[in-house]
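Novice: A structural model of the following input is requested.
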Amino acid sequence: MPRLAPSFLLLLSAAFAVSAQQDECSTQVHVSSEADLSPVMACSAFSGSVIISGSNINSVAWPALKSLAGSIKISSNSHLTTLSLNGLQASTGTITLFNNTLLSVISMSNLESLGGLEIITAPDLKQLSLPKIQALSSLKIEDTGLDNSGTLPWTSLSKVTDFGVSNNKFLKSIEMPSLTSISGRLVVAANGLMEGRGKGLSLLLPNLTSVSNCTLRHLTGLQILSLSEVSSSLSFDETNLEAIKAPQLKTIGQTLSIVSNNLLSNISFPDLTSIGGALLIANNTDLTDISGFGKLKDISGVLNMRGAFNNISLPSVSTVKGGMSILSSSKDFDCSSINHVKSAARGKTVCQAMVKSAKPTNANGTDLAGSLVESSATTVISDPEIIWAAVAVLSSVAYIF
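Specialist: Next up is the predicted model:
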């Protein structure tokens, strides 16, 4: 039997070693101790899944990792304080961190792109370092201790599919000067409230031009001066904003909702021409003049306004495909100023001034509790959920084309 050359044996041994490492770099690893991580620590590219749960590990560092096509899930590790993935660069995988109560530092200093990053329930988290991040498919940060003292990822981020930041009670501002588009949802809510002592968060998106669906709540500042298109719905609810200005916004694919903003006195959408769903403006205590819709022509859903406003100016509206319900508690409001809007509505309409109750009503002027609207100069604040019920009622009587 012929003998194999030593060089061939070396090549064969190397091939087996490479094959074994490839298997380790695409496997599923369940980690309960630092030793369990050893098999994958040499992987520079990883396509498997690492699950670290319920361990006593204090720190996770994976310096060799440069590319992640799989997933890293770290949950319910009561001793974990630090996660370091500083070798990680462009990746399509996901990193999920859930209920790591002592986690205070997350560092991915060379990361440029990632499929998804979720950080949920990390009350001690102070530093989130992603200085080079440019693109994310999904970002969700909820219930953390983040404030503005650590390094936040917003500076170079230019593209994201879904962006959600909520219930981070110490976070007072988000600034993303490079962000130009969000192809999915933007949700920012319940940040900077500090257990009732804070007023919210300032959101600065100076170069954002398009977003699919946008829900903004509990804001103290807002900059969306470049926004030109919202393909789905846009809502501003329960903020401390004094003004909402979108000077370049031209179209909203579905509903525009502006509800329960107690300090709001100025709404400005000067280039907006069409709303593909309902226009809902209600329960904005200081809003006495609604005149920021000079070019608005088409409302494809209902038009529903409630409040203490003295004036409504919708000079260009020619189509309201749903019903119209306008109730003001002001004695100075004159329904005749919007007669042309009433004529444009294809559903049933109601308009009244000096109402005792600015509760939502159905299209016949009867409130949803069954009592008739009465005349008075009293302002009554209404529940947004009830308002939406009224929208549904009006929608049901709208003509369908």
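Novice: per-residue confidence for Ser38?
Specialist: With respect to pLDDT, Ser38 scores 89.
Novice: wait, a strand at it?
Specialist: No - assigned with DSSP: H, G, I helix; E, B strand; the rest coil, Ser38 falls outside any strand and is helix.
Novice: could you report the neighbour count for it?
Specialist: Neighbours of Ser38 under the rule other Cβ atoms under 10 Å: 12. C-betas here are computed from N, CA, C, even on glycine.
Novice: likewise for Ala42?
Specialist: 12.
Novice: for it, give me the pLDDT.
Specialist: 94.
Novice: tell me which helix or strand it sits in.
Specialist: Of the helices and strands defined by DSSP states H and E, none includes Ala42.
Novice: does it really touch Ala64, like I thought?
Specialist: Yes - using Cβ atoms under 8 Å, Ala42 is in contact with Ala64, at 5.9 Å.
Novice: need the contact list for Thr239.
Specialist: For Thr239, the contact set (Cβ atoms under 8 Å, 6 or more residues apart in numbering) comprises 200, 216-220, 222, 261, 263-264.
Novice: domain ranges for the protein?
Specialist: 27-153, 228-401 (automatic domain parsing).
Novice: for Pro63, see how far away the nearest residue to Met108 once chain neighbours are set aside is.
Specialist: Spatial nearest neighbour of Met108, chain neighbours left out: Leu85 (4.8 Å); criterion: Cβ to Cβ, 6 or more residues apart in numbering. According to Cβ to Cβ, to the nearest Å, Leu85 and Pro63 sit 8 Å apart.
Novice: cool, Ile52 as well?
Specialist: Relative to Pro63, Ile52 is positioned 17 Å away (Cβ to Cβ).
Novice: neighbour-wise, which of those two wins?
Specialist: Ile52 (24 against 12).
Novice: what kind of secondary structure is that one in?
Specialist: Quick answer, by three-state DSSP: Ile52 is strand.
Novice: you'd agree it is up against Val31?
Specialist: Yes - Ile52 is within contact range of Val31, at 4.2 Å (criterion: Cβ under 8 Å).
Novice: residues shared between the contacts of these two?
Specialist: By the contact definition Cβ under 8 Å, 6+ apart, Ile52 and Val31 are jointly contacted by Leu37.
Novice: tell me who's in contact with Ala344.
Specialist: Applying Cβ under 8 Å, 6+ apart to Ala344 gives the contacts 317-320.
Novice: make sure His340 is indeed in a helix.
Specialist: Yes - the assignment for His340 by three-state DSSP puts it in a helix.
Novice: lowest mean pLDDT across the domains of the chain, which one is that?
Specialist: domain 228-401 (a mean of 81).
Novice: the stretch 1-150 of the chain: strands as residue ranges?
Specialist: 28-31, 45-46, 49-53, 59-61, 67-68, 71-75, 82-84, 94-98, 105-107, 113-122, 127-129, 135-144 (DSSP state E, counting those that start in this stretch).
Novice: how about the ones you listed, which one is nearest Gly307?
Specialist: Nearest to Gly307, of all the strands of the stretch 1-150 of the chain, is strand 135-144, at 32.0 Å by Cβ to Cβ.
Novice: so how far is that closest one from its chain's centroid?
Specialist: 10 Å (Cα atoms, centre = their mean, to the nearest Å).
Novice: that one pairs with which strands?
Specialist: Strand 135-144 sits in its sheet next to strand 113-122 (parallel), strand 159-166 (parallel), going by DSSP bridges.
Novice: and Thr101, how far from Ala122?
Specialist: Relative to Ala122, and taking Cβ to Cβ, Thr101 is found at 7 Å.
Novice: now render the strands of the stretch 1-150 of the chain as CSV, adding distance to Thr273.
Specialist: As requested, the strands of the stretch 1-150 of the chain are exported to CSV (distance: least, Cβ to Cβ, whole Å):
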stretch, distance to Thr273
strand 28-31, 52
strand 45-46, 49
strand 49-53, 48
strand 59-61, 52
strand 67-68, 44
strand 71-75, 44
strand 82-84, 47
strand 94-98, 39
strand 105-107, 43
strand 113-122, 35
strand 127-129, 40
strand 135-144, 31
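Novice: now the strands for the stretch 251-400 of the chain?
Specialist: 251-252, 256-259, 266-268, 274-275, 279-282, 289-290, 298-299, 303-307, 311-312, 319-320, 324-328, 349-352.
Novice: OK, contacts around the spatially closest residue to Asn310 that is not a sequence neighbour?
Specialist: Spatial nearest neighbour of Asn310, excluding adjacent residues (Cβ to Cβ, 6+ apart): Asp332 at 4.3 Å. Applying Cβ under 8 Å, 6+ apart, we find Asp332 in contact with 310-311, 353.
Novice: now list the buried members of these.
Specialist: 310, 353 (16 or more other Cβ atoms under 10 Å).
Novice: and the most centrally placed residue in the chain, backbone torsions?
Specialist: A centroid search over the chain (Cα atoms, centre = their mean) returns Val187, at 1.2 Å, as the residue closest to the centre. Backbone torsions for Val187, taken as degrees, to the nearest 10, come to phi -130, psi 120.
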